[in-house]
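Trainee: prediction below, plus the sequence it came from.
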Amino acid sequence: MELRMNQATLELTAPNAGTAAFQANPGATAAEATGFDIGWDHAHHGLVPPPELLLEGTPIGQGWRAGRAVFGRRTLPTGRATRQWLALRTGAWRQGLPFEGQQVTAHYLGQLHTEHCPVLRRPLGGAAGQADAAVIERLNPEAGYAAGNLAVMSQAAAQARAGVTVLEALRRATRAQLSGEAVQGLDAAAWWRLAALRAFATPLPFHEAARLPLAVLPPNRVRLLNAAQGLQALVTRQFMAPGWAARTRALAQLLPAHTLRQDFNLFVGALAPRVLEAGTEPRALRRALEDAWLLERVQRRWQHFVLSLGETATEVLLEAAAAQGLAGVRTLHHAPTAATEGWALPAAAASLQPASPRAAARRGVPRSAAVHGPRPMAQP
């Protein structure tokens, strides 16, 4: 179950009353009402919006002054997550981007926190604007700021991925891999990780998602829209705690045919040596598993297995594994409309239908136009 932040009565009634008064103006637009709410919430937490937004007549300025008049010094405690929440809402408002406010709360953003950039693997913590500053990014830039579409990364990684599709990230990864040189400041492994992150929140045809290496494990609270990546993550997480041999055997027993079990065991045999080499330190083990996905042998074994398994059987396996507690982490299955609730995806993409009802229930979104990327051929 998704966690939601409980709010005191004043938080629920006072902003609504202020917004209702603002919206009583027949000329008020939805954007102006949203801006008013942002200013009101700044005042409620004892914070001040950017100076240029406090000018007379600006919605945020009006909301802030109205909130100050109501709350005075009776403000709520403010932490890092609250500041991020207000800054993210303000930035989305200024850019005219959708922000789903029911699920994306300060509490939710706090759960996205990480110590290291998932793309560059460097510690986060720089001042705003610096290369190592932590920023919250939309994995799918065609969607809004919504639960499941957000992850923390470094400012440098965010700048590198700006305007880059899954296809372009794959092209850059391949180019860097073949040349042995950085492309746009990132090496091949970083581009593979960016491609995987982007793909988590982008519905892809099954055969294309199956050919993507899981170069980075999904960050917390990210929703995986592709069944193949869901199975990659589930299997990889089996290796992150003692007892992985027994758990992978249990997974194999859920497969419908002996030949598939043999293919799965060959894939596990390709991945297992990296686990044994990495030791038990969590970060080192996680990175070793991610790097193992870039090995040609691992990719070859994986693709043979999952493409033989097929999309429908992959969905069945994911559901059976979750039912038996083999997911390893808390796993949520979203209904088709719930998985991308509040994402505000383009109407053209939202109107397309998935390959099967079962696939729709897992991914929660319809399939989009194909994104053709190269087959990964990375070496250790």
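Mentor: That came through fine.

Trainee: hey, let's count contacts and neighbours off CA atoms from now on
Mentor: Will do.

Trainee: what about A196, how many neighbours?
Mentor: For A196, the neighbour count with other Cα atoms under 10 Å is 26.

Trainee: list the contacts of V222.
Mentor: A147, G148, N149, L150, A151, F200, A201 (Cα atoms under 8 Å, 6 or more residues apart in numbering).

Trainee: pull the distance from stretch 269-288 to the chain's centre.
Mentor: Distance, stretch centre to chain centre, for stretch 269-288: 24 Å (Cα atoms, centre = their mean, to the nearest Å).

Trainee: how about it: buried residues?
Mentor: For stretch 269-288, burial by neighbour count (16 or more other Cα atoms under 10 Å) applies to A270, L271, A272, R274, V275, A278, L285, R286, R287, A288.

Trainee: need those in TSV with pLDDT, secondary structure and distance to Q232, can you?
Mentor: Below are the buried residues of stretch 269-288 laid out as TSV (pLDDT from 0 to 100; DSSP: H, G, I helix; E, B strand; the rest coil; distance: Cα to Cα, whole Å):
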residue	pLDDT	secondary structure	distance to Q232
A270	97	helix	14
L271	95	helix	12
A272	95	helix	14
R274	90	helix	16
V275	88	helix	15
A278	90	helix	19
L285	96	helix	16
R286	97	helix	14
R287	97	helix	15
A288	97	helix	15
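
Trainee: out of those, which is nearest to A215?
Mentor: R287 (8.8 Å; Cα to Cα).

Trainee: widest-spaced pair of the contacts of V222?
Mentor: The most widely separated members of the contacts of V222 are A147 and F200, with 13.0 Å between them, by Cα to Cα.

Trainee: tell me the secondary structure at the most centrally placed residue in the chain.
Mentor: Nearest residue to the geometric centre of the chain (Cα atoms, centre = their mean): V222, 3.4 Å. Of the three states, V222 takes coil under DSSP: H, G, I helix; E, B strand; the rest coil.

Trainee: residues making contact with stretch 229-247?
Mentor: Contacts of stretch 229-247 (Cα under 8 Å, 6+ apart): 200, 209-210, 214, 217-218, 224, 248, 272, 275, 282, 285-286, 289, 314, 318, 326-328.

Trainee: in it, what counts as buried?
Mentor: 229-240, 244, 247.

Trainee: between the buried residues of stretch 269-288, which is nearest G185?
Mentor: Distance to G185, by Cα to Cα, is smallest for R287 among the buried residues of stretch 269-288, at 20.7 Å.

Trainee: got the contact list for that closest one?
Mentor: Neighbours of R287 in contact, by Cα under 8 Å, 6+ apart: V216.

Trainee: let's see that with 10 Å instead.
Mentor: Residues near R287 by Cα atoms under 10 Å, 6 or more residues apart in numbering: P118, R121, A215, V216, L217, R274, A278.

Trainee: hmm, which of the residues you listed are the buried ones?
Mentor: Buried members of those, scored by 16+ other Cα under 10 Å, are P118, A215, V216, L217, R274, A278.

Trainee: what's around P49, how many residues?
Mentor: Residues near P49, counting by other Cα under 10 Å, number 19.

Trainee: next, the contact list for it, please.
Mentor: Remark: with contacts taken as Cα under 10 Å, 6+ apart, P49 is in contact with I38, G39, W40, D41, H42, A43, I60, G61, W64, L86, A87, T90.

Trainee: related to what we said a few turns ago, need the contacts of R287 in TSV (columns: secondary structure and distance to W191).
Mentor: Converted to TSV, the contacts of R287 look like this (DSSP: H, G, I helix; E, B strand; the rest coil; distance: Cα to Cα, whole Å):
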residue	secondary structure	distance to W191
P118	coil	11
R121	coil	12
A215	coil	9
V216	coil	11
L217	coil	14
R274	helix	21
A278	helix	23
